[in-house]
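**Q** kindly return the folded structure for what I paste below:
(one chain, ligands or ions: 1)
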Amino acid sequence: MSRSFIEVSQLAKRFPGPKDGQPLTVFENADFTIKRGEFVCIIGHSGCGKSTIMNILAGLDEPTEGGIIMDGKEISGPSLERGVVFQNYSLLPWLSALKNVMFGVRARHPQWTRAQVYEHSQKFLGLVGLTGGAEHRKPAQLSGGMRQRVSIARAFAIQPKLLLLDEPFGALDALTRGTIQDELTRIWSSSEQTVFMITHDVDEAILLADRILLMTNGPYARIAESVVVDIPRPRQRGEIIHDPGYYKIRNHLVDFLTNRSKKLSGSQSDGSTNSPITVRPALDEVQSDGRPTSPRPLVSVAV
Ligand SMILES: Nc1ncnc2c1ncn2[C@@H]1O[C@H](COP(=O)(O)OP(=O)(O)OP(=O)(O)O)[C@@H](O)[C@H]1O
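**A** Below you'll find the predicted structure:
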């Protein structure tokens with residue numbers, strides 16, 4: 001039996017092209033795995049297909065080919081085992097912040113009393129700093145950052161096995177962003193949750209992730225590399241930059257985004273799988289072209 005929590009196999013997504021045109025192949029033959037409890041970030045230029053992968057993981061979209069197994073079961077449709085935080089909040093506009101969170105908690109724990117649901121929801125709203133009356137306001141009466149915090153509280157409160165985060169902190173000011181990143185790390189490290197997060201922020205990815213998947217430009221995008229963040233935890237925002245591996249990882253990511261994401265960008269696949277190579281910049285296990293110094297079996301970090 002496989003030890004992977006998530007196994008993405010031969011995944012392809014094609015959208016219909018403009019009238020009479022060729023279909024748009026966003027990616028094809030994508031293969032990667034995620035371990036239970038792992039925190040994985042994915043980075044790539046706009047339009048490469050990150051949200052498409054996340055939507056398929058969430059069960060909100062279907063692949064054109066291939067499939068995803070989570071915890072031994074094929075993903076098919078949305079489930080409370082997978083909690084999603086989108087850039088655009090996706091709150092129910094007619095419910096208060098508190099009732100938005102309670103709605104999710106009640107669905108997850110239908111046997112709980114109203115008091116239990118209320119207490120649990122208030123606790124998670126408190127964790128994201130939404131108390132003192134703000135929790136009784138409806139989404140339209142909250143700022144963008146506050147709405148995003150409600151959305152984060154709702155996803156955390158459901159305590160899904162897999163937390164899917166699509167640029168969850170984009171709308172937040174730097175201070176709130178830092179606080180919620182810390183909360184996310186705390187909640188994640190004290191649970192068995194697995195996190196898959198899209199971000200455009202390389203520093204955020206290094207702070208939070210065990211591994212960072214790097215995606216080339218599309219169409220025919222590939223997850224070209226799996227970069228291991230060999231920096232011990234707990235990681236402190238102010239101190240992480242002093243870790244000897246920090247700038248090696250950062251430079252590697254920036255070089256990928258500015259140079260290699262375009263050079264490596266895909267063309268139609270010959271049918272072979274597109275598995276990412278594993279690189280460990282902090283351990284100097286990477287060459288100037290981004291390839292590992294010695295071929296390292298993927299299972300070493302991504303079983
Ligand atoms: N429903 C759709 N119909 C047609 N094309 C689509 C559809 N959804 C996405 N695409 C195209 O698929 C490609 C990948 O889109 P996707 O949103 O996954 O990219 P992304 O990497 O998440 O981008 P961003 O970082 O800007 O959010 C883009 O070229 C996009 O235009």
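**Q** so what pLDDT did the nearest residue to residue 57 once chain neighbours are set aside get?
**A** Taking Cβ to Cβ, 6 or more residues apart in numbering, and ignoring the residues beside it in sequence, residue 57 has residue 164 as its nearest neighbour in space, at 5.8 Å. C-betas here are computed from N, CA, C, even on glycine. Residue 164 carries a pLDDT value of 96.
**Q** which helix or strand contains residue 164?
**A** strand 162-166 (DSSP states H and E).
**Q** counting by contacts, list what that strand packs against.
**A** helix 50-58, strand 82-85, helix 144-158, strand 194-198 (3 or more Cβ pairs under 8 Å, 6 or more residues apart in numbering; DSSP states H and E).
**Q** dump those into JSON lines; add mean neighbour count and mean pLDDT as well.
**A** Below are these laid out as JSON lines (neighbours: other Cβ atoms under 10 Å; pLDDT from 0 to 100):
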{"stretch": "helix 50-58", "mean neighbour count": "22", "mean pLDDT": "96"}
{"stretch": "strand 82-85", "mean neighbour count": "23", "mean pLDDT": "91"}
{"stretch": "helix 144-158", "mean neighbour count": "24", "mean pLDDT": "89"}
{"stretch": "strand 194-198", "mean neighbour count": "24", "mean pLDDT": "97"}
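**Q** how far away is the residue lying closest to residue 205 once chain neighbours are set aside from residue 160?
**A** Spatial nearest neighbour of residue 205, excluding adjacent residues (Cβ to Cβ, 6+ apart): residue 41 at 4.1 Å. Here residue 41 is placed at a distance of 18 Å from residue 160 (Cβ to Cβ, to the nearest Å).
**Q** higher neighbour count, those two?
**A** Taking neighbours as other Cβ atoms under 10 Å, residue 41 and residue 160 compare with residue 41 leading, 26 against 21.
**Q** could you measure from that one over to residue 224?
**A** Taking Cβ to Cβ, one finds residue 41 at 15 Å from residue 224.
**Q** how about residue 10?
**A** Residue 10 is 17 Å from residue 224, by Cβ to Cβ.
**Q** wasn't residue 101 part of a strand?
**A** No. Counting by DSSP: H, G, I helix; E, B strand; the rest coil, residue 101 is not found in a strand; it is helix.
**Q** tell me the confidence at it?
**A** 96.
**Q** the closest residue to it other than its chain neighbours: what secondary structure?
**A** The shortest distance from residue 101 to any non-neighbouring residue, by Cβ to Cβ, 6+ apart, is to residue 121 (4.1 Å). With three-state DSSP as the basis, residue 121 sits in helix.
**Q** I am finished for the moment; much appreciated.
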